[in-house]
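> Structure, please.
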Amino acid sequence: MRTDVAIVVGIYFCLLIGWGLINFIRNNRKEGVTLESQFIGQRSFGFGRLLATLVAAWASNYTLLAAAESGFTNGISGPIWYALGVALPILFFVWPVNIVAKIREAMPHGVTIVEYVGKRYDEKSRVASLIIVLISNILYLISVVMAIGIVLASLLNIKISTATIIGGAVLVIYTALGGFEGVVWTHVYQLVLAGLSIMVALILTIQNTGFSGFVTQIPEQNLNALAWGPLQMVDFFLALTALTIASPVIWQRIFSAKDSKSAEKAIWWFGPVWAPFAVGAGLIGMAAFMLMPEVAPSESATRFVMELFPNWAAVLFLLGGMALVFSSGDATVNNIASILQFDIIKKVRKKPLTKKQNLYVSFLLQIVLGVFSIAGALGFSSILGLLVLNSAVNIALIFPLYLGLVWKGTSSNGAFWSMILSISIGGTMLVLDLGPVANLTALIISVSTIIGISYLSKNEQIDLTKRGEYSA
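Below you'll find the model as predicted:
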């Protein structure tokens, strides 16, 4: 173990846990803290904090590690299509239809994405979406803990399994303590650290390879912008679109905004602010392929900086990577806890919990999630592979969510069977290792089912607008 690095990492961990503890004590003493405020704050977040938490939380788990893996494996096409695949789908929240405004209009007091499905459709659709969202988010959380293990193992020169347990425990403890407000403020500070780390890393990467040398040494096949493969690129884009539209973390941030304009502006600026992280990490992966072709692709960024950078710069880069990974992780843990409390416990329990009971139940739920995710992380090997699998699960939710917002004729039966058939058939095909074909099939089944059944059951639809539950 590197003792000097361990001290720096230990201080960083203590700051995170200390910040979480301060927020826990504050929330315990503060009057007016509700179950709702633990997961969306006071609905007062403006453009700046929304943008910071979107960039820090959304896809950042994968940014430095998976983007580097894509550059290592696919050359220049890796960072190009990775960045486009992650950044463009988020624009669907504001273009061509402004569904941010529709979400806030439909659920002015919303907290979770599952809540919306229940309000817009019916109970069976709510339960189906609950299962899909939990599967997807638990897969995502496992990948977060796995990424933490990779980064921390490189920092401290310890086994990945040990690093996974330590890092996962720190993530869950400070998130469980801090609550939503604490998590968002953490994102602001961690994004600054991550931005500084990627800038330094790019400068040192160019120094190690030489700019002209970097360009001339790239193998010809790695300069092919389509090297990832058209089918794989389409599949990646479809999967990321599903992950984006059905992301409970993004919906949670839309609910927490002080108004629609703040949320819309943050989403418009997400791509330009986030893309440099992915492109920079992808270039580091390409450099690693040239200088260290024998390393595992998923470890290309971490091994590259630890072996070729000065110690201070390597530590800075990996702390920046850790900041991004933690930002994805704390947002996911907090969000899953909100779904468990609002969409399961609150539904089952007739008598509301007290403020203190809610705080402690939330804390316990997040600890349990952490234990489960650490156990799961020890069994996977590819972060990029988990991203695609996690995204594929969400394909079943795209059209029930999107059409529910933009088409009043979408029926409850159409939404329910669209989700069930899409996840069942698409999931079976994924298990059979049919990859892109499975995702495309799931998408076609989803859209044809929801539109077909909705048209057939026009006369049976419930006018939710009259009931005051939904406004298109």
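> Surely residue 413 is in contact with residue 455?
No. Residue 413 is beyond contact range of residue 455, at 11.3 Å (criterion: Cβ atoms under 8 Å). C-beta here means a position set from N, CA and C on the backbone, and glycine is covered the same way.
> Could you check which of the two is surrounded by more residues?
residue 413 (19 against 11; other Cβ atoms under 10 Å).
> element containing that one, please.
helix 412-431 (DSSP states H and E).
> quick one: average pLDDT of that helix?
Across helix 412-431, the average pLDDT comes to 91.
> Show me what counts as buried in it.
412-423, 425-427, 429-430 (16 or more other Cβ atoms under 10 Å).
> so how many other residues sit close to residue 350?
Using other Cβ under 10 Å: residue 350 sits among 6 other residues.
> meant to ask about residue 109
10.
> quick one: it from residue 355, how far?
The gap separating residue 109 from residue 355 is 18 Å, by Cβ to Cβ, to the nearest Å.
> After the helix holding residue 413, which helix or strand is next?
That would be, after helix 412-431 and using DSSP H and E, helix 435-456.
> Counting by contacts, list what that next one packs against.
If you count contacts as 3 or more Cβ pairs under 8 Å, 6 or more residues apart in numbering; DSSP states H and E, helix 435-456 packs onto helix 230-245, helix 383-393, helix 395-406, helix 412-431.
> ok, residues contacting that helix?
231-232, 234-235, 238-239, 242, 392, 395-396, 398-400, 403, 407, 409-411, 413-415, 417-419, 421-423, 425-427, 429-430, 432, 434, 461 (Cβ atoms under 8 Å, 6 or more residues apart in numbering).
> what's the average pLDDT for that helix?
The predicted model assigns helix 435-456 a mean pLDDT of 90.
> What residues sit buried inside that helix?
Result for helix 435-456 [16+ other Cβ under 10 Å]: buried residues 436, 438-443, 445-447, 449-451, 453-454.
> any idea which of those is closest to residue 18?
Distance ranking of these against residue 18, using Cβ to Cβ, places residue 439 first at 42.8 Å.
> where does that closest one sit relative to residue 371, distance-wise?
Applying Cβ to Cβ to residue 439 and residue 371 gives a distance of 31 Å.
> now residue 337
14 Å.
> Tell me which of those two has more neighbours.
Per other Cβ under 10 Å, whichever of residue 337 and residue 371 has more neighbours is residue 337, with 25 against 13.
> Could you dump the helices and strands packed on helix 435-456 into TSV and include distance to residue 172?
Below are those laid out as TSV (distance: least, Cβ to Cβ, whole Å):
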stretch	distance to residue 172
helix 230-245	22
helix 383-393	18
helix 395-406	26
helix 412-431	28
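> of all these, which lies closest to residue 166?
helix 383-393 (18.3 Å).
> First-to-last residue distance for stretch 108-128?
Using Cα to Cα, to the nearest Å, the end-to-end distance of stretch 108-128 comes out at 23 Å.
> same thing with stretch 252-261?
Stretch 252-261: ends 16 Å apart by Cα to Cα.
> Show me what counts as buried in that stretch.
Those would be 252-258, 260, for stretch 252-261 by 16+ other Cβ under 10 Å.
> Looking at those residues, which one is closest to residue 365?
Nearest to residue 365, judged by Cβ to Cβ, of the buried residues of stretch 252-261 is residue 252 at 15.6 Å.
> residues in contact with that closest one?
39-40, 111-113, 180, 331, 335, 338.
> out of these, which is most surrounded?
residue 331 (31 neighbours).
> check contacts around it.
Contacts of residue 331 by Cβ under 8 Å, 6+ apart are 53, 56-57, 183, 187, 249, 252.
> Identify the farthest-apart pair in these.
The widest separation within the contacts of residue 331 (Cβ to Cβ) is 13.6 Å, between 56 and 252.
> re the thing from before, what lies in contact with the helix holding residue 413?
117, 120-122, 124-125, 128-129, 132, 389, 392-393, 395-397, 399-400, 404, 437-439, 441-443, 445-447, 449-454, 457, 460-462.
> just stretch 22-37 next, same as before
Contacting residues not belonging to stretch 22-37 are listed as 38, 109, 111, 177-182, 341-342, 346, 352-353, 355-356, 358-359, 363 [Cβ under 8 Å, 6+ apart].
> follow-up on the earlier one: want to try a markdown table for the contacts of residue 252, with pLDDT, distance to residue 97 and secondary structure as columns?
A markdown table is the format used below for the contacts of residue 252 (pLDDT from 0 to 100; distance: Cβ to Cβ, whole Å; DSSP: H, G, I helix; E, B strand; the rest coil):
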| residue | pLDDT | distance to residue 97 | secondary structure |
| --- | --- | --- | --- |
| 39 | 87 | 26 | helix |
| 40 | 89 | 23 | helix |
| 111 | 93 | 23 | coil |
| 112 | 94 | 22 | coil |
| 113 | 95 | 17 | helix |
| 180 | 86 | 28 | helix |
| 331 | 90 | 25 | helix |
| 335 | 90 | 24 | helix |
| 338 | 90 | 26 | helix |
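> Just the CA coordinates for the host helix or strand of residue 104, please, in PDB.
In the assignment (DSSP H and E), residue 104 maps to helix 99-106. What follows is helix 99-106, C-alpha atoms only, in PDB (Å, rounded to 0.1, in the frame of the first residue of the first chain):
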ATOM      1  CA  ILE A  99     -41.000  17.100 -21.800                       C
ATOM      2  CA  VAL A 100     -39.400  18.800 -18.800                       C
ATOM      3  CA  ALA A 101     -42.300  21.200 -18.700                       C
ATOM      4  CA  LYS A 102     -44.700  18.300 -19.200                       C
ATOM      5  CA  ILE A 103     -43.200  16.400 -16.400                       C
ATOM      6  CA  ARG A 104     -43.500  19.300 -14.000                       C
ATOM      7  CA  GLU A 105     -47.000  20.100 -15.200                       C
ATOM      8  CA  ALA A 106     -48.100  16.500 -14.800                       C
END
